[in-house]
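J.: A structural model of the following input is requested.
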Amino acid sequence: MNIVALDGYAMNPGDLSWSPIEAFGTLKVYDRTKLEDIVSRSIGAEVIITNKVQLRKETLSQLPNLKLVIISATGYDNVDIETCKALGIAASNIAGYSSESVTQHVFSVLLSHLSQASKYEREVASGRWNSCEDFTFFDHPIPALHQKKIGIIGLGNIGQQVLGVFKAFACKVYSWDRSSNRIDGVDYLSWEKLLNTVDVLTLHIPLNEDTRFLINKESLAMMKDDAILINTARGGHIHEQDLADYLSINPNFTALLDVLSQEPASSDNPLLDVPNCKITPHQAWAGYAAREKLMNLMVEALEHFKLNGKGSLA
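T.: Residues are numbered from 1 along each chain as shown. Alright, predicted model coming up:
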């Protein structure tokens, strides 16, 4: 097979080996690929590996040799799947590789926020604990996660891992009654009732026309004033100007975001300077173990295609 990876650097900046993929044929890896270079770099490819490089109808129609697209991500909104079907191009996404990594990130940012860890680390460094008369120093509330009401939107691989950890904290867990994946131990509510109820809302759904701007001024107005919103899924789930406006007038509401609508963030993104919005640079998925698992699952996708001539969209 002639294989081209269009944006390999984020997945493998040099700490993993491409040799398992190379075993299937000739491999050319590009760190990054601009829109205008996709066709010239892919013209002879039978297999394309892409993550964020978009493959739309006008591009796919210019690649007559293409037989398989591997999306090195869980979501496949960057690839025109309907055009792939029409052109007889198989497609495989890679689901489940980052479940543990994203779950770790969700609780890393949530628990850090609740415990005020970074604030107290700064206080120690500045000498405030040294001058304290008591063995302990705290001048800010430290809310408990224990028994909080949690909303999980999306109960796939990642959502179920997140669910398990919340259960360990004896949290009451709710989800949206539109969910097709019903899980024991979860109460399903209408969208409005869910937003009214939960203390923490975490998003783990694919981006499509039904979920784009799911969080907007109307939905935010239904949430508790001191709720916490976590998004490690896709930036497009949130109307960012609406969220920025809401955060500015609700200082007790917190957003913990790992994804934005444009990445890297544009300098004029309205959320960048909002103190109760804490943003990490889309790295919840990026632990070494997760990326190693991603590479192994891509090998499985190639083996599946080689044996069956089909993709494996999950």
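J.: what are the ranges of the strands in the stretch 151-300 of the chain?
T.: Using DSSP state E, counting those that start in this stretch, the strands of the stretch 151-300 of the chain run over residues 172-176, 187-189, 200-203, 228-231, 254-257, 277-279.
J.: quick one, which of the ones you listed is packed in tightest?
T.: Highest mean neighbour count of those: strand 228-231, a mean of 26 (counted as mean count of other CB atoms under 10 Å). Heads up, the C-betas are built off the backbone N, CA and C, glycines and all.
J.: For that one, name the packing helices and strands.
T.: Here strand 228-231 touches helix 99-115, strand 200-203, strand 254-257, going by 3 or more CB pairs under 8 Å, 6 or more residues apart in numbering; DSSP states H and E.
J.: Can you redo the strands of the stretch 151-300 of the chain as TSV, where the extra columns are mean pLDDT and distance to residue 125?
T.: As requested, these are exported to TSV (pLDDT from 0 to 100; distance: least, CB to CB, whole Å):
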stretch	mean pLDDT	distance to residue 125
strand 172-176	96	37
strand 187-189	96	43
strand 200-203	98	29
strand 228-231	98	26
strand 254-257	98	23
strand 277-279	97	19
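J.: Make CSV out of those and add distance to residue 66.
T.: Below are these laid out as CSV (distance: least, CB to CB, whole Å):
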stretch, distance to residue 66
strand 172-176, 37
strand 187-189, 41
strand 200-203, 32
strand 228-231, 33
strand 254-257, 35
strand 277-279, 36
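J.: circling back: need the helices and strands packed on strand 228-231 in CSV with distance to residue 187, can you?
T.: Formatted as CSV, those follow (distance: least, CB to CB, whole Å):
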stretch, distance to residue 187
helix 99-115, 20
strand 200-203, 14
strand 254-257, 23
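J.: thinking again about what came up before, of all the strands of the stretch 151-300 of the chain, which one is nearest residue 13?
T.: Nearest of these to residue 13, taken as CB to CB: strand 277-279 at 21.4 Å.
J.: For that closest one, enumerate the helices and strands it packs against.
T.: Against strand 277-279 (3+ CB pairs under 8 Å, 6+ apart) you get helix 240-249, strand 254-257.
J.: Give me the contacts around that strand.
T.: 109, 113, 243-244, 247, 254-258, 260, 265, 271-272 (CB atoms under 8 Å, 6 or more residues apart in numbering).
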